[in-house]
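**Q** Task: produce atomic coordinates for the following.
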Amino acid sequence: MTTGGATKSIATAETASVPTPTPGFDPARGLLWLPPTAEAWDLQIDDGDKTVISVRPGTYRVAITPTHARRLRTTEFTPLATTVPDTAETDAPVPLPGPEGPPPLALVKPWTADGDYLEKEEILLQLLPNAPGFHEILIRRDDRTIVEHVVTGSNHRRLKRGLPVGSYTVRSRWRAATDEPTTPWTAWSRPRPLTVHPADAEPQVQTLRIAAHRLAMMMDRDLAGVPTISDPWAVPPACPETGTVRWFRTPCFEGAGPLVNENADYYRDPLAYHRRCLASLRERGFVFRTWHDLLENPASEGEREVILQLDLDAGPRSLKRLCVALDEMNIRASLMVHRRCTGAYAYAIEDLDLEFLRDREARGWTIGYHNNALTEVVNAGVPAGEHAAAATRRFVEDVNDLRRWFDIRTVTHHGGNTLNRTVPVPPEAGVVGVDRAEHPALWATIDRCFSDGGFLSRPTPLADRVAAFDAGRSFIRNHPVKYGNYDPDFDVPPLVPEDITRVDGVVTDELRRVAADAIEHQTTWLADRRDRRLGQRITHATEVKPITRQLRPVAEIEPLVTKHWANRRTPYTRLAPWPWGDPRVYWWRLLDAFAPKHGTILNVGALPPARRDETLDFVGDATVLEVDIDPDREPHYLFDITVPPAPLEGTFDAVLLFGLTIIHSPCRAVEACHQLTRPGGVALFGFAADTHPVRGALWNPETRVLWDRGKEPLQNIGLKGQMWCFDDDSLPALFDDWDRWDGEFFGDMYYVVAHRKK
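**A** Below is the predicted model:
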C-alpha cells in the first residue's frame, strides 16, 4: 500500500498497538494507522485500479475482500481508535469518514432510469457535478460487502462486465481539483439502488425499464433528492390506456401536485381506490386515532392503530367527498388547515364551509394548523432579512384566528417551495408540533408511516403500503385533492380540458379559461421551485407544450412508428426502452405534424439509402432530397450545410436538420437553413440538450462542449471526437433570425419548428 501524495509514505511496522508519528501498516495483523498530526491522508491501494481513498487520522483494521467477476480486490477499514468519529449508523456508506465538506454534490445515475440490469450487462455510472475534480464511488452489496470503491477523475465509471446477481447501493462524493491538499470531499450522495437480475429475467427487466423510462420522462430529482415534475403533460406509467380512467392530468403547483407512481387502480378511480385502502385496514381490525387522542393518551390502545392525517391544502371540495366515505366507515382523521393561503391556490378559512368543518370536530375529528407562515410572508414580498420574525408573527396570528372556530392544539408544517419547517413553533402559540422532527418522543411510538406529499406516493403506492401494515401504530398523511378532485367542481382543473371527456365530462369555454390560468400558476411555481428548492438537476422542466400539443394522437401514427422502431439498434433502445420516449420517434412525429406533404424537402445529414423511408413515410407525397459531406451515403447534394450553394437559396419547402451536435458551426448551419427555405416554408431541428446521457455536457464535460456563438467553429468534430450540446439559453441565440419559432425540451433533446415569413 502506498500513498497517493508524492511526499507521503506508509512504513511497515511489526506492531500497531498505538498511533506513531509516522503512518504505519502491519499486513500480518491487518492494521493501519495514520498519525494525528495529519488532517487527512490520500491513500492509494495497489489493487489493479490504484484506488485512492481519503482517510482521517486514526487506527484501522484492513480487510481484503474479493469482489465481482473481474476478481479485483478492495479494502475496507474498520475504526479501532476513538480518534476516528463514529460512523456506525445503518445508512453510513462506508466507515471511512472524510473531512467535513459542503452539502452533497455527487449523484449516481445508472444508464437505465431505475438501475435494473441483467447479469454480465455493462453498467455505466454517471456522476455529478461535471466540474473539474475527483469522484469517489462506492458500491455495496445488500449484505454491505464493498464490491467497488474507487476514486476517478472522470464523471463516469464503466463496469464492462457488470456485477453478480443481487441488490446494491451506489454512492459517490466529489472533491474539487485544486492545489490545496486539504480540499474537503463533499458529503456522500444519497444511496442509489441498483439491481442485477438473472440473465433469463430479460422480459421482466424490460417491463421495469419501460416503466422507469416513462417515469424519468415526467419527473426529476435534484442532487439533494428533491423531486419535481419536469413534464406535467406526461401520463404516469401505470395509468391504463383503455377503460374508464377518472384521473386526469392537473397543473403542477404547490398543494396540487399529481401523484405519478401509483398503481393502475388509483388512476381508474382515485376516490374509490382511497376508500378501498382504508376499508381494508378497518376490515383487518385497525383502530383510527387522532393526534389529540395521542397527546391525551400516548399509550397504545390496541394491537393495530392508524393515525390518518389529511392536509387540506388545495382540496376543500375534495375533502368533502372523502368525508362521505370516511363517515361510512366510521373513520376519524386529523385535519390540518391553513388560516389563509395565496399563490397558485388562494382562499381564507372563512371562504370554506365552516359549519362542515365544525361538524367534523363534533364527530370526533381534530383540526390543527398547517403552518404556511413562511410561504405567506415570502409571497407578500417581505424582505429576506425579515422573514423569520414576520413568519413567527404570522404563525401566532394564524393560530389565534383559527381558534375562533376550532380547538387548535397541534401544528404540522406545510411543504412546497418554501421550507416552512424552518420556522420554530412559537411557545406563545400554545400548539404542539406533531411532525417527526418536532416531537420525536411521540413518533417513537409510531412503527411505520406513509405520505403522498409531493409528486410521489412515498415510499410505495398506498395500497401496497397499507397491505404491509402489521401490529403496532401506523401513520398515513393524505392530501384530499389527490383523491377527490375528479368531479365538478374541480379543486384543480384538468391541465388538458379534453381529459375529462373520458368520464363524460363537458368541456366548456370556462373550463378552458380556468385551465389556462392554472397553467400560468404552474409556470410561475416551477420557476420558483428552481430558485428556492432545487440544486443541479438532470432534466429541464417543460412548462408549456407548443409543439407536442400539435402532434397527432399516438394511436393514429402507431403502425408507422412500430414499423421503423423495430429497426432501432440496441444502444438506442437501451437508452429509451419506451418507444414514445425515444428522440427519434419524437422526430418522426414532428415530421408527421409539421413537414409539408407536397413540394420538396431537404434533409441535412443524409440517411443511408436503406433507411430513407424513415422520412418518406411521414411526409406524404413530398420529394425528399438528401445533403451530406460524405459521398458514401449517396446524397443528392454533396456540400457542407454551413456553406450552401447560392443557386439553392429559397428553393425548398422545408429543411430538416436532426443533429446540430456534430456540425462545427451550428449558428451558421441554422442561418443556412433559413437561406435554403423558401418564403412561407418551415425548418425542423432536433439536437441534444446538455442533459443528454451520451451527448450532453452534463455527463461528458471532457468531450462535449456547451454551445456558445463565440466557441464556433468546434475542432475535431464528430461522434468519436468533440460534440456540441445545448441549454435553454441556446435556443433564442440560435434562432433569432427566424420570423417565428417554437422550441420544446423532450427526452434530453431540444426540438424547434421555425417558420420563414412569406
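**Q** Tell me the confidence at the residue nearest in space to the middle of the chain?
**A** In the chain, the centroid-proximal residue (C-alpha atoms, centre = their mean) is residue 220; its distance is 1.7 Å. Reported pLDDT at residue 220 in the predicted model: 82.
**Q** Residue 342 now?
**A** Listed pLDDT for residue 342 reads 91.
**Q** Can you verify my assumption that it contacts residue 377?
**A** No: the criterion here is C-beta atoms under 8 Å, and residue 342 misses it with residue 377 at 10.5 Å. Using the backbone N, CA and C atoms, a C-beta is placed for each residue, glycine as well.
**Q** Between those two, tell me which one has more neighbours.
**A** More crowded of residue 342 and residue 377, by other C-beta atoms under 10 Å: residue 377, with 23 against 14.
**Q** Quick check: which element contains that one?
**A** Following DSSP states H and E, one finds residue 377 within helix 373-379.
**Q** tell me the mean pLDDT for that helix?
**A** So the average pLDDT for helix 373-379 ends up being 92.
**Q** Relative to the whole chain's centre, how far out is it?
**A** Chain-centre distance of helix 373-379: 26 Å, with C-alpha atoms, centre = their mean, to the nearest Å.
**Q** tell me what that helix is packed against?
**A** On a contact count with 3 or more C-beta pairs under 8 Å, 6 or more residues apart in numbering; DSSP states H and E, helix 373-379 meets strand 340-341, helix 387-402.
**Q** Nearest approach to residue 359 belongs to which of the ones you listed?
**A** helix 387-402 (16.3 Å; C-beta to C-beta).
**Q** List the buried residues for that closest one?
**A** Going by neighbour count (16 or more other C-beta atoms under 10 Å), the buried part of helix 387-402 is 387, 390-392, 394-396, 398-399, 401-402.
**Q** These into CSV, with extra columns for distance to residue 436 and pLDDT?
**A** Below are those laid out as CSV (distance: C-beta to C-beta, whole Å; pLDDT from 0 to 100):
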residue, distance to residue 436, pLDDT
387, 24, 91
390, 26, 95
391, 21, 94
392, 22, 95
394, 23, 97
395, 19, 97
396, 23, 97
398, 22, 97
399, 21, 97
401, 27, 97
402, 23, 98
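**Q** of all those, which comes closest to residue 686?
**A** residue 387 (43.9 Å).
**Q** Roughly how far does the residue nearest to the closest one when sequence neighbours are not counted sit from residue 206?
**A** Closest residue in space to residue 387, ignoring its immediate chain neighbours: residue 377 at 5.8 Å, by C-beta to C-beta, 6 or more residues apart in numbering. Distance, residue 377 to residue 206, by C-beta to C-beta, to the nearest Å: 50 Å.
**Q** do residue 198 as well
**A** With C-beta to C-beta as the criterion, residue 198 and residue 206 are 14 Å apart.
**Q** before we move on, what about residue 173?
**A** Using C-beta to C-beta, residue 173 is found at 33 Å from residue 206.
**Q** These two: which has the busier surroundings?
**A** Legend: neighbour count by other C-beta under 10 Å for residue 173 and residue 206, higher for residue 173 (24 against 14).
**Q** what are the pairing partners of the strand or helix carrying the more buried one, and which direction each?
**A** Using DSSP H and E, residue 173 sits in strand 166-176. Paired strands of strand 166-176, with direction, are strand 133-141 (antiparallel), strand 192-197 (antiparallel) (DSSP bridges).
**Q** quick one: the closest residue to residue 343 other than its chain neighbours and residue 387, what's the gap?
**A** In space, and not counting its chain neighbours, residue 343 is closest to residue 379: 5.5 Å by C-beta to C-beta, 6+ apart. Taking C-beta to C-beta as the measure, residue 379 and residue 387 are separated by 11 Å.
**Q** How about residue 694?
**A** 43 Å.
**Q** Then residue 134?
**A** 37 Å.
**Q** likewise residue 337?
**A** Distance from residue 337 to residue 387, by C-beta to C-beta: 23 Å.
**Q** about what we covered before: would you confirm that the residue nearest to residue 343 contacts residue 344?
**A** No: taking C-beta under 8 Å as the definition, residue 379 is not a contact partner of residue 344, at 10.1 Å.
**Q** Tell me which of those two has more neighbours.
**A** Neighbours per residue, other C-beta under 10 Å: of residue 379 and residue 344, the larger number sits with residue 344, 23 against 15.
**Q** helix, strand or coil for that one?
**A** Three-state call for residue 344 (DSSP: H, G, I helix; E, B strand; the rest coil): coil.
**Q** And the pLDDT for residue 720?
**A** 80.
**Q** what's the weakest-modelled helix or strand in this protein?
**A** In the chain, the helix or strand scored least confidently by mean pLDDT, DSSP states H and E is strand 11-12, which has a mean of 29.
**Q** Tell me where the stretch 201-350 of the chain has strands.
**A** For the stretch 201-350 of the chain, the strands defined by DSSP state E, counting those that start in this stretch cover 219-221, 227-229, 287-289, 304-311, 334-337, 340-341, 347-348.
**Q** Go through the ones you listed and pick out the most buried.
**A** Highest mean neighbour count of these: strand 334-337, a mean of 24 (counted as mean count of other C-beta atoms under 10 Å).
**Q** ok, how many other residues are close to residue 493?
**A** Residue 493 is surrounded by 26 other residues when neighbours are defined as other C-beta under 10 Å.
**Q** Is it correct that it falls within a strand?
**A** No: Residue 493 is assigned coil when assessed by three-state DSSP, not a strand.
**Q** Just confirm it contacts residue 515, I think it does.
**A** Yes: Residue 493 is in contact with residue 515 according to C-beta under 8 Å; the separation is 4.6 Å.
**Q** before we move on, the earlier item: extract the CA atoms of the helix holding residue 377 and return them as CSV.
**A** Provided in CSV are the C-alpha atoms of helix 373-379 (Å, rounded to 0.1, in the frame of the first residue of the first chain):
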residue,chain,number,x,y,z
ALA,A,373,-46.5,31.2,7.5
LEU,A,374,-43.1,31.5,5.7
THR,A,375,-44.8,30.9,2.4
GLU,A,376,-47.2,33.7,3.0
VAL,A,377,-44.6,36.3,4.1
VAL,A,378,-42.5,35.4,1.1
ASN,A,379,-45.5,35.8,-1.2
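**Q** Nothing else from me, thank you.
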